[in-house]
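Asks: give the three-dimensional model of this entry:
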Amino acid sequence: MATAGGLAAAASAAASGLAAQLLPAAATAASRLLQRRGVAWSVEREPQKYKSVDDIIQDRVIVESLEKTREAAKDPARIRDILAAAKERSFLTDHKPGPSEYVQGLTYEECATLLNVDVENEAIMGDIFDTAFAIKQRIYGNRIVLFAPLYIANYCVNNCRYCAFRQGNKNLERSALSEAQLREEVAALQQQGHRRLLVLTGEHPKYTYDQFLQAIDVISSVRTEPCGNIRRINVEIPSLSLSDMRRLKATDKIGTYTLFQETYHRPTFKHMHIAGPKSDYDNRVLTHDRAMRAGLDDVGLGTLFGLYDYKYEVLATLMHANHLEAEYGAGPHTLSVPRMRPADGSDVSLAPPYAVDDATFKKLVAILRIAVPYTGMILSTRESPEMRRELLRVGMSQMSAGSKTDVGAYHRDDSAATEENLADLQGQFSLMDHRPVQDIVVDLMKEGYVPSWCTACYRKGRTGEHFMKIAKAGNIHNFCHPNSLFTLQEYLNDYGSDEAKRVGEELIERERVIGLSDSAQDLTKRKLQKVNEGEHDVYI
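Replies: Next up is the predicted model:
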């Protein structure tokens, strides 16, 4: 596949306008020095040409788009036109299925216009929320995919002002899971009913990339009674070279590779990332390009809201997504949209420079759902149960459950003494939803959602062009909804409390016919019977 241009040889070279040099992917002399010293986690062995980062994240276009749409954002007729056009795109009215599942629901100008809408304008905001909800229901229905984060190590050479794991935090107790401890962690998560994990670690030579790859093998091998196993392993790990992306792909065990840019605003990025390999802005932006070139075409983007103006970050995220689609024929599979929360010893996290209030956060989530209708949106336990309920209605399709962000936390006992000392268990950041998985499952079902651990489309090859043909025909529901019900029934049989089983059985009985074709209803009934007879991992 052809690529355009190249990457700046170094920050100084970029400043001189030399943005088309051939480079190692580490991008700058400082990064290469860190690699030689063994500090950087991943060393590039395959120099490549890449598009200039300033052509990917176009600062001027972002600023001008926000500036010139201020007045249009006050015009209800203009907003309604934008929303109507976005809904048509998301419903694939004129869409020709291609190799990608990515659909751009908004142009930059349209997105900027919606971002400029005053959150206090209840009528217009109501239209935005209604559109986001309609798009979410059309594509995802009432299904919510559940997962848990698993932290393997908190050693880190990077010095990010907002993070408890940063190198400069001398108060944090550092640790890494042994193989035995990792097995205990995974077993504990399986006993909660989890089938999908997001595996995370810091960047440090005390916990190497080779050790991480070994950990992936361990995680995939753990089995517990009655039928505990992890069916999808997603990763959120440090930036990798192209050669190490190939090694990750070769495991054949990875679902999504996620990397947060944190902030796309270059000056803010420099200020927030004091030192370490992560401080290289260009190298970080190009990480997903390297994943694509290595064959890892299932990638996730992320922005930490609170570091810079949310309007800028949303538009930059859309630009990054569009670049991946244009360059590689595959936009991002997921978007993560966390807000900054207090982290141990971080003054920045206690008073975010661009704090995002609840109303604004709900607004930006809705706009992102409209902008990227077929991209999964991930909601973390950084948000309260109440706020999570609000956000599920306007765009979120996946959420973590029973999360812990400190190393080894899942296999600790849940005694009262442990709970009293939770303040001493230092995680990456503080959480606001402390409900156990069982409670989240029950609460979701009571609110009419179908908790799901489904991985069927990946395993059956219903991705890319195949998926979009199903979507355009309006048949997503006939596949995804039954598969979600099968995973829920399996969860209830193996791990459900009496209350969960009661609520779940009522939900499944109702949901197994709603919106399904006659043939899909018959197939769903037969396969549910198989699950109830003890068969596991049933899917269409």
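Asks: make it CA atoms for all contacts and neighbour counts henceforth
Replies: OK.
Asks: from residue 187, how far out is residue 211?
Replies: 19 Å (CA to CA, to the nearest Å).
Asks: and these two? Which one has more around it.
Replies: Under the criterion of other CA atoms under 10 Å, the comparison of residue 211 against residue 187 puts residue 187 first, with 23 against 11.
Asks: the most centrally placed residue in the chain bridge partners, please.
Replies: The centroid of the chain falls nearest to residue 336 when counting by CA atoms, centre = their mean (3.8 Å). For residue 336, the beta-bridge partners are residue 302, residue 378 (DSSP bridges).
Asks: use 673 as the first number for this chain going forward.
Replies: I'll keep to 673 as the first residue from here, and by that count the last item is residue 1008.
Asks: surely it and residue 1054 touch.
Replies: No: here residue 1008 lies out of contact with residue 1054, judged by CA atoms under 8 Å, at a distance of 11.7 Å.
Asks: wait, a helix at residue 803?
Replies: Yes: the assignment for residue 803 (DSSP: H, G, I helix; E, B strand; the rest coil) places it in a helix.
Asks: for burial, what's the neighbour tally of it?
Replies: For residue 803, the count of nearby residues is 23 (other CA under 10 Å).
Asks: now do the phi/psi pair for residue 869.
Replies: phi -130, psi 150 (degrees, to the nearest 10).
Asks: contact partners for it?
Replies: The neighbourhood of residue 869, defined by CA atoms under 8 Å, 6 or more residues apart in numbering, consists of 819-822, 902, 904-906.
Asks: which among the residues you listed gets closest to residue 796?
Replies: Distance to residue 796 across these (CA to CA) is lowest for residue 819, with 33.8 Å.
Asks: check contacts around the residue nearest to the centre of the chain.
Replies: 972-975, 1049-1051.
Asks: same deal with residue 823?
Replies: Contacts of residue 823 by CA under 8 Å, 6+ apart are 871-873, 1077-1080.
Asks: kindly export the biggest strand by length in the chain (C-alpha atoms) in PDB.
Replies: Scanning the chain for the strand with the most residues, using DSSP state E, yields strand 815-825. Listed next in PDB are the C-alpha coordinates belonging to strand 815-825 (Å, rounded to 0.1, in the frame of the first residue of the first chain):
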ATOM      1  CA  ARG A 815     -25.900  -4.800  24.100                       C
ATOM      2  CA  ILE A 816     -23.100  -3.800  26.400                       C
ATOM      3  CA  VAL A 817     -19.800  -5.600  26.100                       C
ATOM      4  CA  LEU A 818     -18.000  -6.100  29.400                       C
ATOM      5  CA  PHE A 819     -14.300  -6.600  30.100                       C
ATOM      6  CA  ALA A 820     -11.700  -6.000  32.900                       C
ATOM      7  CA  PRO A 821      -8.300  -4.400  32.900                       C
ATOM      8  CA  LEU A 822      -5.400  -6.500  34.100                       C
ATOM      9  CA  TYR A 823      -2.200  -4.700  35.200                       C
ATOM     10  CA  ILE A 824       0.900  -6.900  35.100                       C
ATOM     11  CA  ALA A 825       3.600  -4.400  36.200                       C
END
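Asks: quick one: mean pLDDT over that strand.
Replies: Per-region confidence: strand 815-825 scores 97 on mean pLDDT.
Asks: check which element follows that strand along the chain.
Replies: Moving toward the C-terminus from strand 815-825, the next helix or strand (DSSP states H and E) is strand 831-832.
Asks: contacts for that following strand, please.
Replies: Residues from elsewhere that reach strand 831-832 (CA under 8 Å, 6+ apart): 838-840, 944-948.
Asks: one more pass at 6 Å, please.
Replies: Residues outside strand 831-832 that contact it (CA atoms under 6 Å, 6 or more residues apart in numbering): 838-839, 944-947.
Asks: low-confidence stretches in the stretch 823-972 of the chain?
Replies: Within the stretch 823-972 of the chain, no stretch has pLDDT under 70.
Asks: all helices of it, in order?
Replies: Remark: helices assigned in the stretch 823-972 of the chain by DSSP state H, counting those that start in this stretch are 851-863, 881-893, 914-922, 938-944, 953-957, 959-965.
Asks: closest one to residue 1182 among these?
Replies: In terms of CA to CA, the element of the helices of the stretch 823-972 of the chain nearest to residue 1182 is helix 851-863, at 27.2 Å.
Asks: show me what the closest one is packed against.
Replies: Here helix 851-863 touches no other helix or strand, going by 3 or more CA pairs under 6 Å, 6 or more residues apart in numbering; DSSP states H and E.
Asks: pull that helix out as CSV, backbone CA atoms only.
Replies: Extracted C-alpha coordinates of helix 851-863, given in CSV (Å, rounded to 0.1, in the frame of the first residue of the first chain):
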residue,chain,number,x,y,z
GLU,A,851,3.9,-16.4,36.5
ALA,A,852,2.1,-17.9,39.5
GLN,A,853,0.6,-14.6,40.6
LEU,A,854,-0.5,-13.9,37.0
ARG,A,855,-2.3,-17.3,36.9
GLU,A,856,-4.0,-16.4,40.2
GLU,A,857,-5.1,-13.0,38.8
VAL,A,858,-6.5,-14.5,35.6
ALA,A,859,-8.3,-17.3,37.6
ALA,A,860,-9.8,-14.7,39.9
LEU,A,861,-11.1,-12.7,36.9
GLN,A,862,-12.5,-15.9,35.3
GLN,A,863,-14.4,-16.7,38.5
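Asks: by how many degrees do that helix and strand 815-825 diverge?
Replies: Interaxial angle of helix 851-863 relative to strand 815-825 (axes from the mean of the first three to the mean of the last three CA atoms, to 10 degrees): 160 degrees.
Asks: tell me which residues of helix 851-863 come out buried.
Replies: By neighbour count with 16 or more other CA atoms under 10 Å, helix 851-863 contains the buried residues 854-863.
Asks: repeat that for stretch 884-896.
Replies: 884, 887-888, 891-892, 894.
Asks: C-alpha coordinates for stretch 724-738, CSV please?
Replies: Included here for stretch 724-738 are C-alpha records, laid out as CSV according to Å, rounded to 0.1, in the frame of the first residue of the first chain:
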residue,chain,number,x,y,z
SER,A,724,4.5,13.7,8.4
VAL,A,725,2.7,13.8,11.7
ASP,A,726,1.8,17.5,11.1
ASP,A,727,-0.1,16.3,8.0
ILE,A,728,-1.9,13.7,10.1
ILE,A,729,-2.9,16.0,13.0
GLN,A,730,-3.5,19.3,11.3
ASP,A,731,-3.4,21.9,14.0
ARG,A,732,-4.4,24.7,11.7
VAL,A,733,-7.4,22.9,10.3
ILE,A,734,-8.6,22.1,13.8
VAL,A,735,-8.2,25.7,15.0
GLU,A,736,-9.8,27.2,11.9
SER,A,737,-12.7,24.7,11.9
LEU,A,738,-13.6,25.6,15.5
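Asks: which residues of the chain score low on pLDDT?
Replies: Residues of the chain meeting the criterion pLDDT under 70: 673-711, 767-770, 1085-1098, 1135-1138, 1140-1141, 1143-1146.
Asks: show me where it has strands.
Replies: Here the chain has its strands, by DSSP E, at 815-825, 831-832, 868-873, 904-908, 926-934, 945-947, 971-975, 1006-1008, 1048-1051, 1070-1072, 1122-1124.
Asks: now render those as CSV, adding distance to residue 1184.
Replies: Formatted as CSV, the strands of the chain follow (distance: least, CA to CA, whole Å):
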stretch, distance to residue 1184
strand 815-825, 13
strand 831-832, 48
strand 868-873, 23
strand 904-908, 25
strand 926-934, 28
strand 945-947, 50
strand 971-975, 31
strand 1006-1008, 27
strand 1048-1051, 23
strand 1070-1072, 21
strand 1122-1124, 11
